[in-house]
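Chemist: Prediction below, plus the sequence it came from.
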Amino acid sequence: MSVLGTRELIINIPGRPDGSALDLSIEPGQVWGVLGPNGAGKTTLIHTLAGLLPARAGQVMLNGTSLKELKRREIARQLGLVFQERQDSFPATVMETALIGRHPWLSPWEHEQGEDQARANQALAALDVAQLSERLLNTLSGGERQRVAIATLMTQNPEIWLLDEPTNHLDLHHQVKVMSLLRDQASAGKAVFLCVHDLNLAARWCSHVLLLYTSGDACWGPVENMLVPDALEKLYNQRLTTVEVDGSLLFVPTV
Ligand SMILES: Nc1ncnc2c1ncn2[C@@H]1O[C@H](COP(=O)(O)OP(=O)(O)OP(=O)(O)O)[C@@H](O)[C@H]1O
């Protein structure tokens, strides 16, 4: 059984035809990449999967139960989301932010324990932001904030990791570090589903790919079947040159 699945799901993009109904089956160990041009609906899809936006039709299933039947807290124990853009409404330190990841696991009157602190410390170290733990979030750079957001998800430790463009703002080293971390989490039994604009990151790190077209059409499957130059050129309305480096395909825009 998939940990995250959709049945005949149509995401709700105002004024757009229904397009393809999504019947996705996302399993532990898989890393899914959603590719598509600006406005195709990647963020809308990921928010619909998280239960933050209503679907136009169909269902999202979490471990076989419809999302609609689950309380927010039950959902947050199974699924976590890194947003594309964050508004930090109140001043919090990096450590306080990471510890928010433990909230689904604590009762309302319970404080974080040593084990929660240890998880947060481990996650902040994994994302190279442990040295910033006492800094206020609003004093960090864009890439540092992005790494704190991913560390918060790691502290939450859900089965399903949803990430909207997790490599945004990251330098090359941290792009690789984050993608390796996501793959390691999948190898340890998590299911990872992320939106990404970089075809080469998707080719290198994703096991499955969903192509989302502005028309609402979609197709999905194992990465080797989906990253075909013709399909990608149609997806982005952009000609591509494909080169092979050390046995891996690289896609370069043809100008
Ligand atoms: N509240 C809304 N009212 C009207 N249209 C909306 C609303 N929210 C989103 N949209 C539209 O839905 C479409 C899909 O938006 P979405 O943010 O999901 O795209 P995306 O694929 O994530 O794009 P990007 O690559 O630019 O991040 C866009 O055309 C957007 O303008």
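Modeler: Structure received.
Chemist: all strands for this protein, in order.
Modeler: 4-10, 25-26, 31-35, 57-62, 65-66, 79-82, 160-164, 191-195, 208-212, 218-222, 240-245, 248-253 (DSSP state E).
Chemist: Okay, now the unreliable bits of the protein?
Modeler: Within the chain, the stretches with pLDDT under 70 are 1, 87-89.
Chemist: For the residue nearest to the spatial centre of it, list the residues it contacts.
Modeler: By CA atoms, centre = their mean, the chain has its centre lying nearest to Leu163, at 1.8 Å. Residues in contact with Leu163, defined by CB atoms under 8 Å, 6 or more residues apart in numbering, are Ile46, Leu81, Val82, Ile150, Leu153, Leu182, Val192, Phe193, Leu194, Cys195. Quick note: C-beta positions are derived from backbone N, CA and C, even for glycine.
Chemist: what's the spacing between the second one and Glu165?
Modeler: Counting by CB to CB, to the nearest Å, the gap from Leu81 to Glu165 is 12 Å.
Chemist: The stretch 1-150 of the chain: helices as residue ranges?
Modeler: Assigned by DSSP state H, counting those that start in this stretch, the stretch 1-150 of the chain shows helices spanning 42-49, 72-78, 94-100, 114-126, 142-156.
Chemist: could you dump those to CSV with distance to the ligand?
Modeler: Formatted as CSV, the helices of the stretch 1-150 of the chain follow (distance: least, CB to the nearest ligand atom, whole Å):
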stretch, distance to the ligand
helix 42-49, 3
helix 72-78, 20
helix 94-100, 23
helix 114-126, 26
helix 142-156, 15
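Chemist: Switch those helices over to TSV; also include mean neighbour count.
Modeler: As requested, the helices of the stretch 1-150 of the chain are arranged in TSV below (neighbours: other CB atoms under 10 Å):
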stretch	mean neighbour count
helix 42-49	23
helix 72-78	15
helix 94-100	21
helix 114-126	17
helix 142-156	23
